[in-house]
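Chemist: Need coordinates for the below:
(chains A and B)
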Protein chains: 2
Amino acid sequence: MVGITRRNMNVSMTSLPKALRNGWPFKRMMIQRPRGTRDFGPAEMAKRRRVEVAMRESCARFGFGEVLTPTFEHAELFTLRSGQGIIDEMYAFKDKGDREMALRPEITASVIRFYVNELSTLPKPLKLYYVGNCFRYENPQSGRFREFFQLGAELIGAKNPETDAEVIALAINCMRAAGLENFIVRIGHIGILKSLVNAEIKDAKAAAEILRMIDKEDFDAMGDMFDAKALPRKLFDKIAALAEIKGEVDLLNNLDPSEATEYLREIFSVLKLHGIEDCQLDIGIVRGLDYYTGMVFEIDAPRLGAEKQVLGGGSYTLSELFGGEPVFSTGFAIGIDRVLLALEKEKPAVEPPILDAYVIPAKEDMRKYAFGIAARLRSQGIRADVDLMRRTMSKNLKYASATGARYAVIVGEAEMAKRSVTLRDMKSGEQRLILADELGVAIKKAEASKLVGH
Amino acid sequence: MVGITRRNMNVSMTSLPKALRNGWPFKRMMIQRPRGTRDFGPAEMAKRRRVEVAMRESCARFGFGEVLTPTFEHAELFTLRSGQGIIDEMYAFKDKGDREMALRPEITASVIRFYVNELSTLPKPLKLYYVGNCFRYENPQSGRFREFFQLGAELIGAKNPETDAEVIALAINCMRAAGLENFIVRIGHIGILKSLVNAEIKDAKAAAEILRMIDKEDFDAMGDMFDAKALPRKLFDKIAALAEIKGEVDLLNNLDPSEATEYLREIFSVLKLHGIEDCQLDIGIVRGLDYYTGMVFEIDAPRLGAEKQVLGGGSYTLSELFGGEPVFSTGFAIGIDRVLLALEKEKPAVEPPILDAYVIPAKEDMRKYAFGIAARLRSQGIRADVDLMRRTMSKNLKYASATGARYAVIVGEAEMAKRSVTLRDMKSGEQRLILADELGVAIKKAEASKLVGH
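Modeler: Take a look at the predicted model:
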């Protein structure tokens, strides 16, 4: 059998060093993980889980219930939502029944499919959230991975300023719960630019193209197009001016009043009732034109630079695409990987210790007590480990230190005669004798007082 | 574009009812989830998360750190571990770079790959756990799904009775933490039958076949083979007798003493130090012959009937297969889906309420207070929702009841004049006036006293 790395590296057998060739197949080359994917170790996972649990808790407090859908779906689910173009960016494959499947590039389509299939009779609004991995076939680059993680929420079955504000408020609560301090919430309405362009540009194809250019903020190309098609320069200026409106909600006063501007004004005022006052108006958001129907919003973490967007959302109708009755929905998706990057930029996380106590038998015949002590600590909710390698005392202390245990618990003969153990603070090196019965409480108390001291 | 369901059902256009044909494509048929996969709604997810969090906590208490590896890997990773045969059971596909990939059928191989690639210099033993989804292409049947969920642990870098007992103790703690009451732990040693068969049957191919038959408990076929090859009947009887040894650890006394029997005896005595006394001896476990090297263990939930195994594990060496230095490891994988099924059979779970409080404005102009009250409850950790649909009072109470909220919080004019709201217990219908400032504490207190009452 041929090792994987070799083939991936496009190294032929003969180009390998002779020693390695000779060693083959006895010394196999390492198998690597797939390109663009990641392995996460315990320290990184502890951070990720903390952020995930905090955001999950926010969703629960807002009355959202969690759902879980399959990791792969019929490919059509995603092309129906996003167009055939997405095929090139998806991990699509045929299953053994020759059906076109795809690893999900996003989860909203799956949630709405689930809603259409099974949940459509539940009382409205239906509030659902999800946490999961998504897949995108693209060249890996900074902050973009082939497998990435999203938390998202969908409020299904209603659309009004209250529901939209509710979803925005949840998004902001998720950011705060994750511990993010520097982020900017921008709220717009796809109807303002869309209705202007569609009203003034009769050629539907040209109108769509202009909206795409606005989406990309490519005003140079738009200017060229206006010149080439001899479209009115005044309209160009109006579009450009609108797309650049970013800032306080009062900027709405400068716009021609419309249903959309009044709707946005109401969203901002409901947000105020939620205690949220620092959102920005951004008329230039026109992402996902074929998809979003009204309010759209984004959250940026400015410290991330070019890839600063950590959340995107808005209101949409999707259910009828999948065979359901039309319903309005509002939702968002958070890029968990980016949130973690942003948190890291704000303040590098202190590595949380994985272990509270490491139990060391001082002598061979103390071993039997050590297991019992570890088992008891564990039953008290303390993260405890015990020497499994029959090491010497000094090697055990080295291991305790290397694995970052807070305390070593030394089980010696003289101590056990007094039903006691030695508790050693691995940072300060302080030691004290303590009754075995009181060990768990003492460790918890010491940890609690340290937390206060922080 | 053609809807998916229609194609899957192999229904041609003309065989559809005329009304439906005429409606096409205006009324699209529903897109279904892929066969053999599942959608989980909020009530089911709450149960799953509770079990997952409890088992995760057990792992942390035992000093295991979480890792996360990619959902798909180079297919060779899995064929190296499990043989080419696994290809037929895997979701294998070529990526756009023409590399053979596979959705992971299990996670141990990925953890060991990660270890070999990046973690091999960490202090030993290295204690890692994972939670994740796995994929298996097989015909869906009761309790078996194409996407399923595992929690597993690997202790890497050592093998002795203490490390094996540690892993078994963790497995048992996970079961207990999940809430499972009826389960049987069976512990064996692959060396006992393997060394007997290999010593007595000189033909290596025949020996391997016999071990496979033992694995499947197919003694009829084994008897036929012994007859056909004229192998000694006495050996057959000895094998059959050994494979049937199941029960108290003292049954070890009936066996010829060997390294394996003494090793097993030590595992049982270390487990006793952990406070674990009710494990069974089972010499007949010979699963994964090419893979496990010594101790093997399984946990059954007898109430599940034929598909009763909820956990499998043992000690193995895998790292050198993936290009690393050889190290001993011991690990297990828990079938989370089966654990949930078993819990359901023990005592059907009471559906946990998703919502603590639903805030209802009594009149239109009370709406502004309602949002503030909901926001405040949420900031106090209470799962609160608020009328987003401008419903009437009676419709709101119906919605509160339908979504299973514990309390309704009614915000009326007279009440607000006294800075108060009405708190209504949705089960009993009892109502009382309460200061808005004291609402959060009152709800928490009522919940706490109810929990005590349970």
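
Chemist: Give me the helices and strands touching the lengthiest helix in chain A, please.
Modeler: Ordering each helix of chain A by length in residues (DSSP state H) puts helix A:42-61 first. Helices and strands touching helix A:42-61, by 3 or more Cβ pairs under 8 Å, 6 or more residues apart in numbering or on different chains; DSSP states H and E, are strand A:126-135, strand A:147-156, helix A:161-178, helix A:336-346, strand B:65-66. C-beta: built from backbone N, CA, C; applies to glycine.

Chemist: so how far is the last one from its chain's centroid?
Modeler: Between the mean C-alpha location of strand B:65-66 and the chain-wide mean there is a distance of 16 Å, by Cα atoms, centre = their mean, to the nearest Å.

Chemist: Same check on stretch A:72-90?
Modeler: The chain centroid and the centroid of stretch A:72-90 are separated by 21 Å under Cα atoms, centre = their mean.

Chemist: Got the domain ranges for chain A?
Modeler: Residue ranges for the domains of chain A, per automatic domain parsing: A:1-32, A:42-346, A:357-453.

Chemist: could you redo those domains as a markdown table and give each row mean neighbour count and mean pLDDT?
Modeler: Output for the domains of chain A, formatted as a markdown table (neighbours: other Cβ atoms under 10 Å in any protein chain shown; pLDDT from 0 to 100):
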| stretch | mean neighbour count | mean pLDDT |
| --- | --- | --- |
| domain A:1-32 | 13 | 45 |
| domain A:42-346 | 19 | 92 |
| domain A:357-453 | 17 | 92 |
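
Chemist: Reformat those as CSV; add distance to B:E76.
Modeler: Output for the domains of chain A, formatted as CSV (distance: least, Cβ to Cβ, whole Å):
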stretch, distance to B:E76
domain A:1-32, 5
domain A:42-346, 17
domain A:357-453, 32
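
Chemist: Can you tell me which of the ones you listed is nearest to B:V350?
Modeler: Nearest to B:V350, of all the domains of chain A, is domain A:42-346, at 16.1 Å by Cβ to Cβ.

Chemist: For the closest one, measure first residue to last.
Modeler: Separation of the first and last residues of domain A:42-346 by Cα to Cα, to the nearest Å is 21 Å.

Chemist: Same question for stretch A:106-118.
Modeler: Taking Cα to Cα as the measure, stretch A:106-118 stretches 20 Å from start to finish.

Chemist: Report the distance from it to the chain centre.
Modeler: That offset, for stretch A:106-118, works out to 19 Å (Cα atoms, centre = their mean).

Chemist: got a list of contacts for it?
Modeler: Applying Cβ atoms under 8 Å, 6 or more residues apart in numbering or on different chains, the contact partners of stretch A:106-118 are A:67, A:69-70, A:73, A:77-78, A:80-82, A:104, A:126, A:128, A:130, A:132, A:134, A:150, A:152, A:154, A:156, A:318-319, A:322-324, A:329, A:331, A:333, B:30-33, B:39, B:41.

Chemist: does chain B sit close to stretch A:376-386?
Modeler: Yes - applying Cβ under 8 Å from any Cβ of the partner chain, one finds stretch A:376-386 touching chain B at A:R378, A:G381, A:I382, A:R383, A:A384, A:D385, A:V386.

Chemist: what are the ranges of the helices in the stretch 301-450 of chain A?
Modeler: For the stretch 301-450 of chain A, applying DSSP state H, counting those that start in this stretch gives helices covering A:336-346, A:367-379, A:393-402, A:413-417, A:439-453.

Chemist: Would you mind naming what in the stretch 201-350 of chain A lies close to chain B?
Modeler: With Cβ under 8 Å from any Cβ as the criterion, the stretch 201-350 of chain A meets chain B at residues A:V270, A:L273, A:H274, A:G275, A:E320, A:L321, A:F322, A:G323, A:G324.

Chemist: A:L355 contacts A:R378, correct?
Modeler: No - between A:L355 and A:R378 there is no contact under Cβ atoms under 8 Å: 11.3 Å.

Chemist: got any residues that touch both of the two?
Modeler: With contacts defined as Cβ under 8 Å, 6+ apart, the residues shared by A:L355 and A:R378 are A:A384.

Chemist: contacting residues around the residue nearest the centre of chain A?
Modeler: Nearest to the mean C-alpha position of chain A, counting by Cα atoms, centre = their mean, stands A:I336 at 1.5 Å. A:I336 makes contact with A:R48, A:V51, A:E52, A:V131, A:F148, A:F149, A:Q150, A:L151, according to Cβ under 8 Å, 6+ apart.

Chemist: returning to what we had before: give me the subset of the residues of the stretch 201-350 of chain A next to chain B lying in strands.
Modeler: Among those, no residue falls in strands (DSSP state E).

Chemist: which of the residues you listed lies closest to A:G440?
Modeler: Ranked by distance to A:G440 (Cβ to Cβ), those are led by A:G275 at 40.8 Å.

Chemist: Give me the nearest residue to the closest one, chain neighbours excluded.
Modeler: B:A375 (5.1 Å; Cβ to Cβ, 6 or more residues apart in numbering or on different chains).

Chemist: Same question for A:F219.
Modeler: A:A240 (5.7 Å).

Chemist: The one you found belongs to a helix?
Modeler: Yes - counting by DSSP: H, G, I helix; E, B strand; the rest coil, A:A240 is part of a helix.

Chemist: Let me have the residues of stretch A:376-386 next to chain B in TSV, extended by distance to A:Y292.
Modeler: Shown next, in TSV, are the residues of stretch A:376-386 next to chain B (distance: Cβ to Cβ, whole Å):
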residue	distance to A:Y292
A:R378	50
A:G381	46
A:I382	50
A:R383	46
A:A384	51
A:D385	51
A:V386	56
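
Chemist: The nearest residue to A:R81 once chain neighbours are set aside: which element?
Modeler: Using Cβ to Cβ, 6+ apart and skipping residues adjacent in sequence, the residue nearest A:R81 is A:A109, 4.6 Å away. Applying DSSP states H and E as the criterion places A:A109 in helix A:108-114.

Chemist: circling back to that earlier point, ok, which pair from the residues of stretch A:376-386 next to chain B is furthest apart?
Modeler: Using Cβ to Cβ, the two most remote members of those are A:G381 and A:V386, lying 16.4 Å apart.

Chemist: What ranges does the stretch 201-350 of chain A have for its strands?
Modeler: For the stretch 201-350 of chain A, strands defined by DSSP state E, counting those that start in this stretch occupy the ranges A:246-247, A:280-282, A:292-300, A:309-316, A:329-335.

Chemist: Reformat those as TSV; add distance to A:N396.
Modeler: Below are these laid out as TSV (distance: least, Cβ to Cβ, whole Å):
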stretch	distance to A:N396
strand A:246-247	60
strand A:280-282	57
strand A:292-300	48
strand A:309-316	44
strand A:329-335	43
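
Chemist: what about stretch A:60-68, how long is it end to end?
Modeler: With Cα to Cα as the measure, stretch A:60-68 spans 15 Å from end to end.

Chemist: and what of stretch A:180-188?
Modeler: End-to-end distance for stretch A:180-188: 22 Å, by Cα to Cα.

Chemist: quick revisit: looking at the residues of the stretch 201-350 of chain A next to chain B, which is nearest B:G284?
Modeler: Closest to B:G284 out of these is A:F322 (50.0 Å), distances taken as Cβ to Cβ.

Chemist: How about the contacts made by the closest one?
Modeler: A:F322 touches A:L77, A:L80, A:A109, A:I112, A:R113, A:V116, B:R28, B:M30, B:I31, counting by Cβ under 8 Å, 6+ apart.

Chemist: do the same with A:R104
Modeler: Shown in contact with A:R104 (Cβ under 8 Å, 6+ apart): A:T69, A:P70, A:T71, A:F72, A:E73, A:F78, A:S110, A:G132, A:C134, A:F135.
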